[in-house]
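**Q** Prediction below, plus the sequence it came from.
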Amino acid sequence: MAAAYSAHAGAIGPFEGIPHLLQLLDNTEQRSLRHALLLFLQALIAPTAAGDLTPAPVPSSTATTLPNVSGSVAAAAAGAQHQGHTTRGNGSSSQPRPGQQKLSATQAAAVRAAKANGYLLMDHGGLQLLVDFVAGAHECTERRSAAAAGGAGGAAGAGHLISSISHAEAPKEWHFYPHGYSPDAQQPTPAATSSSTEQPAAAAAAGSVGVHASSTGGNRPHGPEFYQVGDEKVPGPDESGRAGPLSKEALRQLHSRGVITHDTWMWAPGMQGPARLAGVRELCWMCCSGLGLLGPFEAALVALQILQQLASLQPAVDEFGAVLQPLPRAHIGLADPACLPHIAQVILTGEPALVSAAASLLTCILAHNRAALSRLYLTGVFLFGLAYCGSNLEELAGLFKTAHLVQGFRGAAEVTAGLPLFQRSYLGALLPESLLHMLESYGPGVFAAALAGDHNTPEIVWTAGMRQQRLIPAMLQHLGDFPHRLAQHCHAVYEYTPPPPLSWPELADEIWCHRFYLANLCDEERFRGWPVVEHIPLLQALMQQWRAELARQPLAMSEGQACEALGLAPGPGGAVGEDDMRRAYRALARRYHPDKNPSPEARAKFLQVQKAYERLQAGAAGGQGPQAWRLNLMLRAQCILFRRYGAVLAPYKYAGYPQLLEVLRQQQAGSAAGGKSGTAADAPASADAAGSAATGADVTGSSSGSTAAGAAGSHFLSAERVGQVLAA
């Protein structure tokens with residue numbers, strides 16, 4: 001039937017038996033029949049006669065407009081586009097619009113039939129049913145290594161995932177009520193199907209051992225102290241009549257022996273309350289008999305493909321590109337809290353095909369749903385995506401591009417257009433600024449290639465070690481045992497906790513300015529003649545950072561106060577371990593984050609926790625004012641600009657005199673106070689900057705000086721040079 005309908009959907013027309021098909025698919029006790037029905041449903045919604053209606057890739061000019069990025073990034077991006085990966089350079093979902101594709105009469109008839117089938121499916125609860133298939137992917141016990149997604153980088157990342165959970169035994173999430181449960185009285189009552197006289201026999205069938213628990217007050221029937229299921233001991237009923245916890249495997253065995261039936265009340269953390277096993281789809285399907293035609297991954301992928309087709313059959317924009325209001329039913333239904341978290345959480349399976357399909361579907365259904373998109377971060381999808389260790393990152397990058405700047409994690413009152421990119425982006429605390437620049441300026445293709453690659457240039461510093469040894473482990477550590485728990489409770493929902501900002505030791509001696517890392521840009525041995533574009537914006541950014549550095553004040557919070565705010569005790573030598581900092585941050589964020597605690601006092605406390613964490617991350621340098629090495633890099637970068645592009649900058653008046661004189665005055669004050677002089681190697685560069693200033697340009701439109709406290713400590717200009725320049 002599936003093959004015939006898929007090939008001749010237009011001639012056959014809409015299928016009116018979808019309600020019966022969905023009911024049978026949900027209730028059958030044969031795995032093979034359920035999977036056959038799922039494949040038939042795929043033929044009804046996505047018949048081959050209708051052709052491919054999924055969004056077409058958007059061509060990207062990244063490879064030709066990004067000459068300064070290392071060739072490996074541009075080549076990888078071009079290769080991904082050549083292989084047909086989806087690229088959404090403008091950050092919006094490329095929805096298929098009516099009229100964009102010319103369909104034959106046969107295809108048009110098949111599309112009409114598929115649309116009618118889709119509406120019938122949604123009318124009878126088909127969306128939630130398909131999402132439950134997607135959530136079932138977590139039950140797969142033999143997960144593929146992410147190396148299959150590409151290269152050694154995936155293998156190393158897979159090792160992190162394995163090591164992060166290898167020490168823990170399978171979690172036990174489920175509880176059951178062997179004597180029944182009364183939802184009204186909230187007290188255990190004898191179940192109609194499990195009387196007190198039947199319990200000992202059922203316990204014996206399960207191989208239970210141990211004494212019977214005594215009844216303390218009330219009339220609760222006696223029960224075994226524990227149930228022996230293989231090597232697992234399942235605790236017997238407690239005072240509330242609830243037994244457990246137990247694993248899914250133990251639950252399945254107790255069901256096969258008759259201790260647990262479809263009428264037994266079940267409960268797991270995250271459920272609103274106990275429910276009969278017959279009402280818990282995840283457990284009903286687990287207790288089915290026979291072998292299936294599909295594994296959990298394959299069934300989830302088929303379900304995702306059906307959902308993608310449903311969204312494609314109901315585009316969110318009209319033929320003129322205007323967003324439809326209200327949005328199509330498929331988009332609204334899949335963005336509902338009952339569906340959206342489970343689609344996002346399938347990324348945690350690490351299966352490359354599922355990760356790509358889930359990211360594409362999320363981009364499709366949320367691109368024009370601003371309300372749901374702004375709260376996407378609460379599902380944890382950004383954390384799940386960054387924890388993924390494969391190299392097929394194109395679809396994830398498209399989702400990040402669509403969503404990272406519109407998240408409401410800071411609150412509407414705090415978001416302004418004047419904030420720098422790393423403060424506006426949800427990813428700003430988790431990724432270096434160069435990667436954010438790649439994502440926002442050059443699109444998902446280059447970002448995906450850069451994130452999976454190994455680069456150290458003036459425009460990007462990102463290595464495989466930074467991803468495999470820092471980013472992925474940090475994300476997995478933050479997620480804790482949640483990915484492992486999903487195998488036992490597929491419908492658990494991630495409880496969002498804001499991640500602590502990541503620091504990068506590889507960038508400790510770097511300054512990101514406009515679109516360059518200044519230390520690499522000034523390294524003329526390795527990067528001599530590196531092309532510089534956008535000369536005037538770069539010089540403007542240098543002036544702004546120079547001014548801010550001179551006005552930089554020591555942080556008001558001391559390291560001791562920061563430790564006290566986080567509830568930490570400094571170790572030997574006053575040091576605080578980064579893991580301890582993260583644990584303390586997570587615990588306090590769960591308690592005081594505005595998304596979890598709306599009180600004004602909690603918000604103030606959370607801001608204090610953030611400042612304390614940033615203070616400890618800053619280390620000893622955080623307690624100081626202007627840093628000589630930072631001023632040095634800014635001056636050397638200006639030297640390079642004026643030396644290479646003097647003709648471009650000549651028409652403008654140089655506005656850096658006030659800052660330069662302020663640096664010299666601070667140096668003179670430091671020398672008079674007995675401060676140490678810097679190395680002689682730095683003096684020529686600074687002198688060149690002063691000389692360049694004479695022929696330089698005013699690119700900031702402002703000549704006001706900056707006042708700053710004198711910077712004690714090391715300086716890079718000798719006393720002689722200071723006197724000469726001041727005299728000049």
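**A** Everything's here; your move.
**Q** how about stretch 576-594 as PDB, C-alpha atoms only?
**A** Taking C-alpha atoms only, stretch 576-594 is exported to PDB below (Å, rounded to 0.1, in the frame of the first residue of the first chain):
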ATOM      1  CA  VAL A 576      39.900  28.600  43.100                       C
ATOM      2  CA  GLY A 577      39.500  25.700  40.700                       C
ATOM      3  CA  GLU A 578      37.500  26.400  37.600                       C
ATOM      4  CA  ASP A 579      35.300  23.300  38.100                       C
ATOM      5  CA  ASP A 580      34.500  24.500  41.600                       C
ATOM      6  CA  MET A 581      33.600  27.900  40.100                       C
ATOM      7  CA  ARG A 582      31.300  26.300  37.600                       C
ATOM      8  CA  ARG A 583      29.500  24.100  40.100                       C
ATOM      9  CA  ALA A 584      28.900  27.100  42.400                       C
ATOM     10  CA  TYR A 585      27.700  29.200  39.500                       C
ATOM     11  CA  ARG A 586      25.300  26.500  38.300                       C
ATOM     12  CA  ALA A 587      23.800  26.000  41.800                       C
ATOM     13  CA  LEU A 588      23.200  29.700  42.300                       C
ATOM     14  CA  ALA A 589      21.900  30.200  38.800                       C
ATOM     15  CA  ARG A 590      19.300  27.500  39.300                       C
ATOM     16  CA  ARG A 591      18.100  29.400  42.300                       C
ATOM     17  CA  TYR A 592      18.300  33.000  41.300                       C
ATOM     18  CA  HIS A 593      18.100  33.200  37.500                       C
ATOM     19  CA  PRO A 594      15.100  35.500  36.400                       C
END
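**Q** which intervals of the stretch 451-600 of the chain have sub-threshold pLDDT?
**A** Scanning the stretch 451-600 of the chain for pLDDT under 70 picks out 571-574.
**Q** mind redoing it with 80?
**A** Along the stretch 451-600 of the chain, the parts satisfying pLDDT under 80 run over 553-562, 564, 569-582, 586, 589-590, 593-600.
**Q** which residue ranges form the helices in it?
**A** 464-466, 472-479, 482-485, 518-521, 535-550, 559-566, 578-592, 600-618 (DSSP state H, counting those that start in this stretch).
**Q** Turn those into JSON lines, including mean neighbour count and distance to C364.
**A** The C-beta positions use only the backbone N, C-alpha and C, and glycine is treated the same way. Shown next, in JSON lines, are those (neighbours: other C-beta atoms under 10 Å; distance: least, C-beta to C-beta, whole Å):
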{"stretch": "helix 464-466", "mean neighbour count": "16", "distance to C364": "31"}
{"stretch": "helix 472-479", "mean neighbour count": "21", "distance to C364": "25"}
{"stretch": "helix 482-485", "mean neighbour count": "20", "distance to C364": "25"}
{"stretch": "helix 518-521", "mean neighbour count": "21", "distance to C364": "38"}
{"stretch": "helix 535-550", "mean neighbour count": "20", "distance to C364": "35"}
{"stretch": "helix 559-566", "mean neighbour count": "18", "distance to C364": "41"}
{"stretch": "helix 578-592", "mean neighbour count": "17", "distance to C364": "31"}
{"stretch": "helix 600-618", "mean neighbour count": "17", "distance to C364": "34"}
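**Q** I347 is nearest to which of those helices?
**A** Judged by C-beta to C-beta, the one of these that comes nearest to I347 is helix 482-485, at 9.9 Å.
**Q** Save the helices of the stretch 451-600 of the chain as TSV, and put in distance to P432 too.
**A** Below are the helices of the stretch 451-600 of the chain laid out as TSV (distance: least, C-beta to C-beta, whole Å):
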stretch	distance to P432
helix 464-466	8
helix 472-479	13
helix 482-485	25
helix 518-521	13
helix 535-550	16
helix 559-566	23
helix 578-592	17
helix 600-618	14
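**Q** F409 against Y377, yeah?
**A** Yes - proximity of F409 to Y377 meets the contact threshold set by C-beta atoms under 8 Å, at 5.4 Å.
**Q** joint contacts of the two?
**A** Contact criterion C-beta atoms under 8 Å, 6 or more residues apart in numbering; residues shared by F409 and Y377: Y426.
**Q** Compare the helices of the stretch 451-600 of the chain and give me the one nearest L661.
**A** helix 535-550 (10.5 Å).
**Q** In space, what's closest to A487 - neighbours in sequence excluded?
**A** H138 (5.2 Å; C-beta to C-beta, 6 or more residues apart in numbering).
**Q** roughly how far apart are that neighbour and A11?
**A** Relative to A11, H138 is positioned 40 Å away (C-beta to C-beta, to the nearest Å).
**Q** neighbour count winner among the two?
**A** Using other C-beta atoms under 10 Å, the more surrounded residue of H138 and A11 is H138, with 26 against 13.
**Q** For that one, give its distance to L254.
**A** From H138 to L254 the distance is 21 Å (C-beta to C-beta).
**Q** And for V346?
**A** Per C-beta to C-beta, V346 is found 28 Å from L254.
**Q** need the contact list for V131.
**A** The contact partners of V131, taken as C-beta under 8 Å, 6+ apart, are A303, L307, L334, A338, C339, H342, I343.
**Q** For the residue nearest to F527 when sequence neighbours are not counted, the count of nearby residues, please.
**A** Excluding its sequence neighbours, the residue lying closest to F527 (C-beta to C-beta, 6+ apart) is P458, at 5.5 Å. P458 has 24 neighbouring residues, counting by other C-beta under 10 Å.
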